[in-house]
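Undergrad: sequence plus predicted model, see below.
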Amino acid sequence: MGKLTAKRVRFCKEWVIDQNATQAALRAGYSKKTAYSLGPEVLKVPEAKAYILELQEEIRARSEVTFDNIISDLKQDRESARATNQSPAAIKATTEIAKLHGFYEAHNKQKANPADLTLDGVYDRIEEIKSKLDKDQNTKLN
């Protein structure tokens, strides 16, 4: 890990929990006065970035999060929504599948060049989509 202090190592481990730099800094032992500014600064340290990527890869491997698994889950969610006549949820799942395959432009921004995508960016987007689907599904059930 090179130049990372014990506190920065702890910060990195805390950051991957919720990706909130201030809260991670507080949990890592930084003071309330400095957590807000120091948290984002630690994220800029090359060794911290590298360690966070390593931690994220360990999490992905442990949880078996892959593009194919996410697509499979979305397809299952879509079929479940169709079977229970929840058309909006089925449409949402289909739309998210299409977005992951690059058929939609996200948030009216120019379509990203696939060569510019990073694996972490794809995984982050997949988690965001799953969270939205879970929230939509829970809203429909209540």
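TA: Now that the structure is in, tell me what you want to look at. Residues are numbered from 1 along each chain as shown.

Undergrad: low-confidence ranges in this structure?
TA: 1-2, 105-119, 136-142 (pLDDT under 70).

Undergrad: what do you get if the cut-off is 50, keeping everything else the same?
TA: In the prediction, the chain carries residues with pLDDT under 50 at positions 108, 110.

Undergrad: per-domain residue ranges of it.
TA: Domains of the chain are assigned by automatic domain parsing as 6-63, 67-141.

Undergrad: now do the same contact list for the residue sitting nearest the centre point of the chain.
TA: For the chain, Asp124 is the residue whose C-alpha lies nearest the centre (Cα atoms, centre = their mean; 2.9 Å). Not one residue lies near Asp124 by Cβ atoms under 8 Å, 6 or more residues apart in numbering. Yep, even glycine has a C-beta here, placed from its N, CA and C like the rest.

Undergrad: before we move on, which element is it in?
TA: In the assignment (DSSP states H and E), Asp124 maps to helix 119-141.

Undergrad: what are the ranges of the strands in this protein?
TA: Along the chain, counting by DSSP state E, no stretch forms strands.

Undergrad: dihedrals phi and psi, the residue of it most remote from its centre?
TA: Residue distances from the centre of the chain (Cα atoms, centre = their mean) peak at Asn85, which lies 29.1 Å from the mean C-alpha position. Per-residue torsions, Asn85: phi 60, psi 40 (degrees, to the nearest 10).

Undergrad: ok, now which ones touch Arg78?
TA: Neighbours of Arg78 in contact, by Cβ under 8 Å, 6+ apart: 89-90, 93-94, 97.
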